[in-house]
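Student: dropping the sequence and predicted coords here.
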Amino acid sequence: MPSEHTEVQVRPGVEADLEALTALYNHYVRETAITFDTAIFTPEERRPWLLSHPVDGPHRLMVATGTNSQEILGYATSSPFRQKPAYATSVETTVYVAPHAGRRGIGTLLYEALFKALSGEDLHRAYAGISQPNEASGRLHERCGFQYVGTYREVGRKFGRYWDVAWYEKPL
C-alpha cells in the first residue's frame, strides 16, 4: 500500500459522508473493544452524532479521503468531554481509521487537521480514552502531544469480558 500523505486529503465531514462513516464505525462496534458501543447503527441513528459536529466551533469532525477515490479512510472528532458547564473548555477526541488503511499516517494527519481547526477555539485541554490493549493508539496519541494520565480499570464490559481504558491529555 502507498504510504505517501499526498494520496490522502483531510476535510470537514459533511452529511453526504454519513453512510460511509457509519459503516466504518460499525466495523469497530462489531469487531473490537475500541468502542464500547455494543450494537451497530443505521445511518439515521448516527445522524444526530454527525450533526453534533458542525464545521465550526469546538466540536468538529474531520474526514480523511483518498485523493483520487474519495473513499473515506478515517475520521477524527472532538466532542464534549462532560456535560456540565465548567467542562466547556475541554474536549474528548477520537480517531478511527479504516482497517485496510492503517499504518499510513492517516491518524496523524487527522489529528493534525483537527487540532489546527480547533486552534482558534476557547479550549484548554483535549482528552482521549483508549481501551486496552491498544499500543498503536497510545503511540499515535503520544506522537500528537498527548501524555498518559491514568487508567480506569475494568470500566467497560464487551464480548463477555472487562476492559481497561487508559486516559491521555493534551494542552490546547
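Tutor: The structure has been received and is ready for your questions.

Student: now do the strands in this structure.
Tutor: 8-12, 61-66, 72-80, 90-97, 125-131, 147-158, 161-171 (DSSP state E).

Student: let me know whether residue 172 touches residue 125 as I believe.
Tutor: Yes. Using C-beta atoms under 8 Å, residue 172 is in contact with residue 125, at 6.1 Å. Yep, even glycine has a C-beta here, placed from its N, CA and C like the rest.

Student: measure how buried residue 7 is and give me the count.
Tutor: 16 (other C-beta atoms under 10 Å).

Student: could you report the separation of it from residue 75?
Tutor: Counting by C-beta to C-beta, to the nearest Å, the separation of residue 7 from residue 75 is 17 Å.

Student: and for residue 58?
Tutor: 17 Å.

Student: more crowded one of these two?
Tutor: Set residue 58 next to residue 75 and count neighbours by other C-beta under 10 Å: residue 75 wins out with 26 against 21.

Student: quick check: beta-bridge partners of that one?
Tutor: On the basis of DSSP bridges, residue 75 is bridged to residue 63, residue 96.

Student: point out where this structure drops to low pLDDT.
Tutor: 1-6 (pLDDT under 70).

Student: swap in 90 and give it another go.
Tutor: Across the chain, the ranges flagged by pLDDT under 90 are 1-7, 67-70, 102-104.

Student: dump the residue contacts of residue 92.
Tutor: 78, 79, 80, 81, 126, 127, 128, 129 (C-beta atoms under 8 Å, 6 or more residues apart in numbering).

Student: in a markdown table: these, plus neighbour count.
Tutor: Output for these, formatted as a markdown table (neighbours: other C-beta atoms under 10 Å):
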| residue | neighbour count |
| --- | --- |
| 78 | 26 |
| 79 | 15 |
| 80 | 14 |
| 81 | 18 |
| 126 | 24 |
| 127 | 18 |
| 128 | 22 |
| 129 | 17 |
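
Student: okay if I get these as JSON lines plus distance to residue 149?
Tutor: Output for these, formatted as JSON lines (distance: C-beta to C-beta, whole Å):
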{"residue": "78", "distance to residue 149": "18"}
{"residue": "79", "distance to residue 149": "18"}
{"residue": "80", "distance to residue 149": "19"}
{"residue": "81", "distance to residue 149": "13"}
{"residue": "126", "distance to residue 149": "12"}
{"residue": "127", "distance to residue 149": "8"}
{"residue": "128", "distance to residue 149": "10"}
{"residue": "129", "distance to residue 149": "10"}
